[in-house]
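Asker: Would you be able to build a 3D model of this:
(2 chains)
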2 protein chains.
Amino acid sequence: MSETGSSFSETGSYTLAIDGMGGDGGPEVVVAGLAIAADRHPSARILLVGDEATLSGLLSRHPRAAAICTILPAGSAIPMDMKPTAALRVRDSSMRLAMDAVAKGAAQGVVSAGNSGAMLALAKIVVKTLPGISRPAMAALSPTTRGDVVMLDLGANVSCDWRNLVEFAIMGEAFAKAVLGLPAPTIGLLNVGSEELKGDERLRQAAEVLRGSALAGQFHGFVEGHDITAGTTDVVVTDGFTGNVALKTGEGALKMAFTLLRQVFTSSLLGRIGYLLVRPGLERMKEWLDPRRYNGAVFVGLNGVVVKSHGGTDAEGFAAAVDVAMDMVTHRFTDGIRDRLAHMEKLTSVKAAPDQQQAVPAS
Amino acid sequence: MSETGSSFSETGSYTLAIDGMGGDGGPEVVVAGLAIAADRHPSARILLVGDEATLSGLLSRHPRAAAICTILPAGSAIPMDMKPTAALRVRDSSMRLAMDAVAKGAAQGVVSAGNSGAMLALAKIVVKTLPGISRPAMAALSPTTRGDVVMLDLGANVSCDWRNLVEFAIMGEAFAKAVLGLPAPTIGLLNVGSEELKGDERLRQAAEVLRGSALAGQFHGFVEGHDITAGTTDVVVTDGFTGNVALKTGEGALKMAFTLLRQVFTSSLLGRIGYLLVRPGLERMKEWLDPRRYNGAVFVGLNGVVVKSHGGTDAEGFAAAVDVAMDMVTHRFTDGIRDRLAHMEKLTSVKAAPDQQQAVPAS
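Answerer: I've put the predicted structure just below:
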């Protein structure tokens, strides 16, 4: 195996290190998720990190998962509410050992449903940030009427400057290539209006740099909140505060739509009959919008694939996070970012005006 | 009539100044909207400002609107794409003269579907900001599963400090009282997590001030994106950048849900039969979520009621914006903010730490 976590083994099979102890559902959900993942990725190898007795007990009940898993014992687990600084001091946690496996090249990616803050801190220290990237970001897929969109940052960086935004665009483009399989994904910069003068200096500066970069042909300019679900661009770039709020607001709006729909279909006898008639279509719609299908946020900009599963997900959701990690590993996502950075040397030489807060009101 | 735009006439009837020339649909949509508004507010008086020939021609075709309207002739109209600084120099625009009417006390509120940037700039100069408020914000209602929520700022201020956020809380509370009729509306501060340590210094500072203020009993703390549609609080406070993105993202998600639903109901014969059975319930749901019902964003923090109708709305939507203006005028919204500010003297004496960007990642 090579020294860097991003390279793949010569036999053509890939290894993921899985934190067996993370998430609200704990090891039960993780192992049940791996049983589903084993069917989808039979040639994958899994290093399952955590309490040996617990994990071997669970694997004996999930023979499909056992077939692809090797247990890597860990002495402790990071609690969901532990502060990142404290988590960094725990040397034998399942999360830490899983990250170590990537850093050593024993695995190409890691998946955990554990504490996000701890995960980001550990990833930065252990897996390390790619040269040329100042801060990792959190990226994930989200549904649109036309397909899926890559959104980032979703909360790793609550404040960002223009340079961070440009880096997010680079990483989002590589993500869309690897996970959506698009040859030349389009990129939008989230703003309060699509006109060039909207937003603050930070956004205008990022847009200017992208327009003059190797990504110019794929850069669509500013997009607005409604463009996310409209699928106007394949990638939507924003700071971690706005991205986190936008993601959760969109999910909340869909949840409200389904709550209201349930009332429509249950409030009368005709409604219940109507439901039976349209059930197959509704189920497809629900599946399309199912948050579990979009589970698996990726910390991008690291020297290896690091995937965060939602803490509250179920086995199906965890399997989706494993899918994302496998997609990124097999499509050599990390190498994709490295290549792009090599073609974006310009970026580091750009002289940008200091960030100013020249406010132009929204339309 | 009194000198200030916020007071009401002694006869119990209220006057609104309406910019007859604003919006993508122009005077036709405005006058058709006023015909609907006239049925709902038969005792209201309307000063309809704009081109006399055009407006009198339209009023002759809408006798219901004519019954409550007096035309105030204006020599020009502000184009939708004119820059705010240029708009300020046009002295005889319909938008300007409508604002002048509020400033002079000839009307208690103004409604325009015109250029937002121009409207905000003119409102600040002509109607003027309330003493004690540093910046006006844009507020509007949005649907939740439990009723309506007041959101602000929706784009008037793309960057805000803690003091602006506290002022938005004060104004949002008064808005919820006036428009939703709630005796003690609850307030949430939008953040990337509900824990006290989440977000940046600006948010933590605003939360601390609110916890020590006269609004403490109504302050719920931090809320997240999904809390908006869940109706966790009656008021959601955020900066204009995040608020604008959140509002448009939520609208976009609902639009996607309806697009997918349409496919469910039209893709098969059973679907079409199912649609006929649930149509009444679906129509109610659609009506509840209809963006036209939520039309009418308010520039709050001014010395009078200033309502912005969406430029692309129809007559029904414009009438909803008039409803909002009437609600605010009759419930003496501006006086409500003044009273609250008088009880918040503390606010101005708070010693706050300078805004820092201490990032705590999102959950």
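Asker: so A:A77 sits right up against A:M21, yeah?
Answerer: Yes: here A:A77 reaches A:M21: they are 3.6 Å apart, a contact under Cβ atoms under 8 Å. From N, CA and C alone the C-beta is placed, and that goes for glycine too.
Asker: which neighbours do these two share?
Answerer: Residues touching both A:A77 and A:M21 (Cβ atoms under 8 Å, 6 or more residues apart in numbering or on different chains) are A:G50, A:D51, A:S93, A:S94, A:M95, A:G114.
Asker: Number of residues surrounding the fifth one?
Answerer: In terms of burial, A:M95 registers 29 neighbours under the definition other Cβ atoms under 10 Å in any protein chain shown.
Asker: Check the first one too.
Answerer: Applying other Cβ under 10 Å, we find 29 residues neighbouring A:G50.
Asker: So chain A: which segments form each domain?
Answerer: According to automatic domain parsing, chain A comprises the domains A:1-130+A:301-313, A:134-295.
Asker: Tell me which of those domains sits nearest to chain B.
Answerer: domain A:134-295 (2.5 Å; Cβ to the nearest Cβ).
Asker: tell me the mean pLDDT over that closest one?
Answerer: The average pLDDT within domain A:134-295 is 92.
Asker: okay, how far is it across that domain, tip to tip?
Answerer: End-to-end distance for domain A:134-295: 26 Å, by Cα to Cα, to the nearest Å.
Asker: Is A:V90 in a helix, a strand, or coil?
Answerer: Three-state call for A:V90 (DSSP: H, G, I helix; E, B strand; the rest coil): coil.
Asker: Just want the phi and psi numbers for it.
Answerer: When read as degrees, to the nearest 10, the backbone of A:V90 gives phi -90, psi 110.
Asker: So for it, what's the pLDDT?
Answerer: 95.
Asker: so what's it up against?
Answerer: Residues near A:V90 by Cβ under 8 Å, 6+ apart: A:S76, A:I78, A:M82, A:R96.
Asker: for A:I36, same thing?
Answerer: Counting by Cβ under 8 Å, 6+ apart, A:I36 makes contact with A:A315, A:E316, A:F318, A:A319.
Asker: about what we covered before: closest one to B:G57 among the domains of chain A?
Answerer: Nearest of the domains of chain A to B:G57, taken as Cβ to Cβ: domain A:134-295 at 33.4 Å.
Asker: That closest one: how far from the chain's middle?
Answerer: Centroid displacement of domain A:134-295 relative to its chain, using Cα atoms, centre = their mean, to the nearest Å, is 12 Å.
Asker: Now do stretch A:270-288: everything it contacts.
Answerer: The contact list for stretch A:270-288, computed with Cβ under 8 Å, 6+ apart, reads A:143, A:258, A:261, A:264-266, A:293, B:260-261, B:263-265, B:267-268, B:270-271, B:273-278, B:281.
Asker: list the buried ones in that stretch?
Answerer: For stretch A:270-288, burial by neighbour count (16 or more other Cβ atoms under 10 Å in any protein chain shown) applies to A:L270, A:G271, A:G274, A:Y275, A:L277, A:V278, A:G281, A:L282, A:M285.
Asker: and the helix or strand containing the fourth one with helix B:269-289, angle?
Answerer: The reference is to A:Y275. Using DSSP states H and E, A:Y275 sits within helix A:269-289. In terms of direction (axes from the mean of the first three to the mean of the last three Cα atoms, to 10 degrees), helix A:269-289 departs from helix B:269-289 by 90 degrees.
Asker: Mind listing what's buried along stretch A:133-147?
Answerer: Buried, per 16+ other Cβ under 10 Å, within stretch A:133-147: A:I133, A:R135, A:P136, A:A137, A:M138, A:A139, A:A140, A:L141, A:S142, A:P143, A:T144, A:T145.
Asker: so where do the helices sit in chain A?
Answerer: With helices called from DSSP state H, chain A shows them at A:26-40, A:52-61, A:63-68, A:84-88, A:94-104, A:116-122, A:162-175, A:201-211, A:225-230, A:240-266, A:269-289, A:315-330, A:333-342, A:346-349.
Asker: export the first one as PDB, just CAs?
Answerer: C-alpha atoms of helix A:26-40 as PDB (Å, rounded to 0.1, in the frame of the first residue of the first chain):
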ATOM      1  CA  GLY A  26     -24.300   2.900  17.900                       C
ATOM      2  CA  PRO A  27     -22.700  -0.300  16.600                       C
ATOM      3  CA  GLU A  28     -26.100  -2.100  15.900                       C
ATOM      4  CA  VAL A  29     -26.900   0.500  13.200                       C
ATOM      5  CA  VAL A  30     -23.400   0.600  11.800                       C
ATOM      6  CA  VAL A  31     -23.200  -3.200  11.400                       C
ATOM      7  CA  ALA A  32     -26.700  -3.500  10.000                       C
ATOM      8  CA  GLY A  33     -25.700  -0.800   7.500                       C
ATOM      9  CA  LEU A  34     -22.600  -2.700   6.500                       C
ATOM     10  CA  ALA A  35     -24.700  -5.800   5.800                       C
ATOM     11  CA  ILE A  36     -26.600  -3.700   3.200                       C
ATOM     12  CA  ALA A  37     -23.300  -2.200   1.900                       C
ATOM     13  CA  ALA A  38     -21.800  -5.700   1.500                       C
ATOM     14  CA  ASP A  39     -24.400  -6.600  -1.100                       C
ATOM     15  CA  ARG A  40     -23.700  -3.400  -3.000                       C
END
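Asker: Can you list the buried residues in it?
Answerer: Across helix A:26-40, burial judged by 16+ other Cβ under 10 Å covers A:G26, A:P27, A:V29, A:V30, A:V31, A:A32, A:G33, A:L34, A:A35, A:I36, A:A37, A:A38.
Asker: Excluding chain neighbours, what is closest to the fourth one?
Answerer: The one in question is A:V30. In this structure, A:V30 finds its nearest non-sequential neighbour in A:G20, 5.3 Å apart by Cβ to Cβ, 6 or more residues apart in numbering or on different chains.
Asker: backbone phi and psi for the one you found, please?
Answerer: Per degrees, to the nearest 10, the backbone of A:G20 is at phi -80, psi -10.
Asker: Do I have it right that A:H220 meets A:G188?
Answerer: Yes: applying Cβ under 8 Å, one finds A:H220 in contact with A:G188, separated by 4.8 Å.
Asker: So which of the two has more stuff around it?
Answerer: Between A:H220 and A:G188, counting by other Cβ under 10 Å, A:G188 is the more crowded of the two (24 against 17).
Asker: thought that one was touching A:T233?
Answerer: Yes: shown here, A:G188 and A:T233 form a contact pair, counting by Cβ under 8 Å, at 3.6 Å.
Asker: does A:I170 really touch A:R340, like I thought?
Answerer: Yes: A:I170 is in contact with A:R340 according to Cβ under 8 Å; the separation is 5.2 Å.
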